[in-house]
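# Structure for the following, please:
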Amino acid sequence: MNPNGGNDMDAAPQLNVLAQYIRDLSFENPNAPRSLTPQQEQPAINIQINVNANPLADTEFQVELTIEGDARTQDLLLFKFELVYGGIFRIVNVPQESIHPLVLIECPRLIFPFARQILANATRDGGFPPLYLDPVDFAQLYRQRMAENPQAGGPALTQ
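Purely as a prediction, here's the structure:
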């Protein structure tokens with residue numbers, strides 16, 4: 001029973017962000033000032049995104065986005081970066097079978113805009129135009145990772 005006299009099972013599902021943080025941020029401009037001169041060719045930008053999650057308590061989870069990337073022309077590394085951005089989430093009144101996808105799809109979706117802005121600011125502060133990452137389909141990323149490792153019960157939700 002909850003304090004209002006109702007059954008906790010009838011309570012609405014809740015997903016709360018308790019905290020957000022930068023675990024690691026690295027921006028390198030190894031070829032400055034040469035990399036800051038106008039380039040004749042459009043740089044190739046490579047980006048990798050990974051999601052990891054760990055339970056902290058019965059209803060609390062730590063979720064971290066790792067975003068790594070670089071920008072290169074044929075003969076020059078313009079910049080490279082790594083950001084590990086995390087959040088602590090509380091999830092209550094959600095069926096157990098829904099926790100895994102909720103943690104690995106909805107939680108990173110909620111913190112991604114903040115990570116995106118941090119990277120845009122870092123590239124701008126590094127002397128380049130801000131790099132605004134395209135939105136990420138975390139549901140597709142989840143399905144892809146599940147297809148790669150179906151026996152593990154899903155990607156990177158460890159205890």
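
# C-alpha from now on. contacts and neighbour counts both.
OK.

# What are the contacting residues of the longest helix seen in the chain?
In the chain, taking DSSP state H as the definition, the longest helix is helix 107-125. Outside of helix 107-125, the residues within contact range by CA atoms under 8 Å, 6 or more residues apart in numbering are 20, 27, 51, 63-65, 83, 85-87, 89, 129-133, 136, 138.

# Out of these, which end up buried?
Among those, those scoring as buried are 20, 27, 51, 63-65, 83, 85-87, 89, 130-131, 138 (criterion: 16 or more other CA atoms under 10 Å).

# rewinding a little: show me what counts as buried in the longest helix of the chain.
Quick answer for helix 107-125 (16+ other CA under 10 Å): 107-109, 111-112, 115-116, 118-123.

# closest to Ile99 among the residues you listed?
Cys107 (10.6 Å; CA to CA).

# quick one: the closest one and Leu119, what's the gap?
If you measure Cys107 against Leu119 using CA to CA, to the nearest Å, the figure is 19 Å.

# And for Gly126?
In terms of CA to CA, Gly126 sits 10 Å off from Leu119.

# repeat for Leu83
In terms of CA to CA, Leu83 sits 8 Å off from Leu119.

# Please apply the same query to Gln140.
Counting by CA to CA - Gln140 and Leu119 are separated by 22 Å.

# Show me what the residue nearest the centre of the chain bridges to in the sheet.
Centroid-nearest residue in the chain, with CA atoms, centre = their mean: Leu65, separated by 2.7 Å. For Leu65, the beta-bridge partners are Val51, Tyr85 (DSSP bridges).
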